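Chemist: Here is my input, please return the structure:
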Amino acid sequence: MKIKTLILLSLPFLLNLHAEECSSIIALSKTTSSTVKSKDTFERHVNNFCSEYSRATGSNRSSQYGISYKFLSLSMGSNSANSESLASKYCSASDSTESSNDAYKEYIETISPYAYSAYQSCLDMSKNNLKFKLDMASLLPKRFSLFVQFNSNSQEDATLSFFAPEEVSCSWHQFDTPTIAIPSGSTALLNCSRKNSQQRTYVQVFRTNASTTPISIPWGAYDKNGVPIDMIRELEKKYKKLLSENENLQNSLKGSVTAFNSDECPTGWKEYTLAYGRFIRGLDKSGNIDPDKNRKIGSTQEDSFKKHNHNNGGYNLLFKNNGEETIHTTDNRGSEPNLKTTAGIQSRGGKETRPKNIALLYCIKK
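Modeler: Now for the predicted structure:
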């Protein structure tokens, strides 16, 4: 088979390809809408988040983590993922201020299953002077274009070939053979297409005249509306999980009583009439505080004062009879048996005895 020499493509930006552009191939199998970031950019986000999280351990205020928190949340398919979950996934166990060693792998596998090995192979290829970049403008459910650049000090060309399953059709730009030779400083363009976009597949590229590991690029499936099927499945899983968690939460709330700053109970609640005009007292299971032993849930107590005495003390009354003074000593009731006197205490106070309070509506969960 005669090997044809590839014509150099005159696209200026292709000459600036570098290793981190391997991140672009991840887009073929994304399952979340998060933007794929380069490893350096991702690690800056993670280090920023982990540093802030370490300083604010115990506080779950997501707003303080800023853009790094938002980026990592989106990578998990959420706008507001729990900060502890993010820290567990991306921060180092030995030093919570830094990212874990496999944080980027966790990130890639979260947004693009099966793509991390392709990313690693791409990096290995770059060590052998081959650099890959997926043309994002060409990324469609049924086709994509991949640029491969070769830069080497050696005079030897890079011989490239590809393999694709029967359902995928690929070709080198302007060439009709599966194998081409690229001189140093040149860029090859691989165009791939498929008729059935609803089936996950892959495309493999390798260099035949050097000992390198082939790069297998996963190509995710899309539904008829052009939405990644893996993304839909991930969303369905998360939706079912949320439904289950919500059901568990609703079940756990049944019978709970809560005070609302409203004249009416919200949907799913009804007025807890037993609490009308009453303070709520915690059930005393110890039996050492509430004098009414073995009370039942929902039982009520009426007004009561603890039994006590009022001791006014004794005092003397001075009487005068025909100029003679007579002293009578009263007991603590303010009178003595043979002395006709009436002593009283003036009534004071409101309609009830109560502490300072606020009126809220108690409702019980149905």
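Chemist: those strands in the protein, which residues are they?
Modeler: 130-134, 143-150, 158-163, 168-172, 179-182, 186-194, 201-207, 215-219, 257-260, 269-271, 316-321, 324-329, 361-365 (DSSP state E).
Chemist: could I get those strands as CSV with mean pLDDT, mean neighbour count and distance to residue 107?
Modeler: Quick note: C-beta positions are derived from backbone N, CA and C, even for glycine. Listed next are these as CSV, based on pLDDT from 0 to 100; neighbours: other Cβ atoms under 10 Å; distance: least, Cβ to Cβ, whole Å:
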stretch, mean pLDDT, mean neighbour count, distance to residue 107
strand 130-134, 86, 23, 18
strand 143-150, 91, 22, 22
strand 158-163, 93, 20, 28
strand 168-172, 94, 18, 27
strand 179-182, 92, 20, 32
strand 186-194, 93, 20, 26
strand 201-207, 90, 20, 21
strand 215-219, 86, 23, 16
strand 257-260, 94, 14, 40
strand 269-271, 95, 15, 41
strand 316-321, 56, 9, 93
strand 324-329, 57, 9, 93
strand 361-365, 95, 19, 39
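Chemist: Out of the ones you listed, which gets nearest to residue 108?
Modeler: strand 215-219 (11.3 Å; Cβ to Cβ).
Chemist: Can I get the strands of the chain in CSV including distance to residue 244?
Modeler: What follows is the strands of the chain, written out as CSV (distance: least, Cβ to Cβ, whole Å):
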stretch, distance to residue 244
strand 130-134, 37
strand 143-150, 37
strand 158-163, 42
strand 168-172, 38
strand 179-182, 52
strand 186-194, 36
strand 201-207, 33
strand 215-219, 30
strand 257-260, 23
strand 269-271, 22
strand 316-321, 82
strand 324-329, 82
strand 361-365, 19
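Chemist: who wins for proximity to residue 124 among the ones you listed?
Modeler: strand 215-219 (8.1 Å).
Chemist: Can you give the strand pairings for that closest one, parallel or anti for each?
Modeler: In the sheet, strand 215-219 lines up against strand 201-207 (antiparallel) (DSSP bridges).
Chemist: and the direction of the strand it pairs with versus that of strand 186-194, what angle?
Modeler: 160 degrees (axes from the mean of the first three to the mean of the last three Cα atoms, to 10 degrees).
Chemist: and strand 201-207, how far from the chain's centre?
Modeler: 36 Å (Cα atoms, centre = their mean, to the nearest Å).
Chemist: can you give me the angle that strand makes with strand 130-134?
Modeler: Between the axes of strand 201-207 and strand 130-134, defined by the same axes, to 10 degrees, the angle is 160 degrees.
Chemist: Could you list the residues in contact with strand 201-207?
Modeler: With contact meaning Cβ atoms under 8 Å, 6 or more residues apart in numbering, strand 201-207 is reached by 125, 128, 130, 132, 146, 148, 158-165, 167-168, 170, 190, 192, 194, 212-219, 221.
Chemist: Okay, angle between it and strand 143-150 too, please.
Modeler: 20 degrees.
Chemist: Could you export strand 201-207 as CSV, CA atoms only?
Modeler: What follows is strand 201-207, C-alpha atoms only, in CSV (Å, rounded to 0.1, in the frame of the first residue of the first chain):
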residue,chain,number,x,y,z
THR,A,201,-19.2,3.5,20.3
TYR,A,202,-15.5,4.5,20.0
VAL,A,203,-12.7,5.5,17.6
GLN,A,204,-9.1,4.4,18.0
VAL,A,205,-6.0,6.2,16.7
PHE,A,206,-2.5,4.9,16.9
ARG,A,207,1.0,5.4,15.6
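Chemist: roughly how far is the longest helix belonging to the chain from the heart of the chain?
Modeler: The longest helix of the chain (DSSP state H) is helix 229-253. With Cα atoms, centre = their mean as the basis, helix 229-253 stands 14 Å off its chain's centre.
Chemist: swap in stretch 260-267?
Modeler: Counting by Cα atoms, centre = their mean, stretch 260-267 comes out at 29 Å from the chain centroid.
Chemist: Extract the CA atoms of it and return them as PDB.
Modeler: Extracted as PDB, the C-alpha positions of stretch 260-267 are listed here (Å, rounded to 0.1, in the frame of the first residue of the first chain):
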ATOM      1  CA  PHE A 260     -45.500  28.800  61.500                       C
ATOM      2  CA  ASN A 261     -45.600  32.500  61.100                       C
ATOM      3  CA  SER A 262     -48.800  32.300  59.200                       C
ATOM      4  CA  ASP A 263     -52.600  32.300  59.800                       C
ATOM      5  CA  GLU A 264     -52.900  29.100  57.800                       C
ATOM      6  CA  CYS A 265     -50.900  25.800  57.700                       C
ATOM      7  CA  PRO A 266     -49.000  25.100  54.500                       C
ATOM      8  CA  THR A 267     -50.000  22.300  52.100                       C
END
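Chemist: That concludes my questions; thank you for your assistance.
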